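Student: Have a look at this prediction, sequence included:
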Amino acid sequence: MSDDIRSELSDEKYWFNTKTNSVEFGKLSAAVYRIGPFDTEHEASHAREKVAERSREWAEEEEREDPWR
C-alpha cells in the first residue's frame with residue numbers, strides 16, 4: 001500500500017463529529033457521525049462549510065450537464 005493511501009486510512013487525521021459539533025483527532029466516534037479526514041484541526045473545524053460548498057458545486061455541475069432536471 002502506498003504512503004498516500006496509508007495516510008488517508010490512518011487514524012492520525014482530524015475528523016469533525018456531527019453529533020457533538022466538535023473536532024476529534026483520530027477515529028474516536030462512530031463513522032456515521034464523522035466528516036473527514038482532514039490534515040489539520042482548522043480544516044476539520046470548517047467541515048460543514050466544506051460540505052455545503054461541495055454540494056453547491058455538484059448541484060451546479062448537474063444543472064450544466066442536464067438543465068431539464
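Tutor: Here it is on my side, so go on. These numbers were taken from a predicted model, which means no experiment stands behind them. Numbers count the residues shown, from 1 in each chain.
Student: Please enumerate the helices of this structure.
Tutor: With DSSP state H as the criterion, the chain has helices at 3-9, 41-45, 47-65.
Student: Pick the most deeply packed of the ones you listed.
Tutor: Of these, the one with the most neighbours on average (mean count of other CB atoms under 10 Å) is helix 41-45, at a mean of 15. The way it works is simple: take the backbone N, C-alpha and C, and place the C-beta from them, glycine included.
Student: which strands and helices sit next to that one?
Tutor: strand 14-17, strand 22-25, strand 34-38 (3 or more CB pairs under 8 Å, 6 or more residues apart in numbering; DSSP states H and E).
Student: Residue 68 versus residue 18, what's the distance?
Tutor: For residue 18, the distance to residue 68 equals 34 Å [CB to CB, to the nearest Å].
Student: Low-confidence stretches in the protein?
Tutor: Residues of the chain meeting the criterion pLDDT under 70: 1-11, 67, 69.
Student: All set, thanks.
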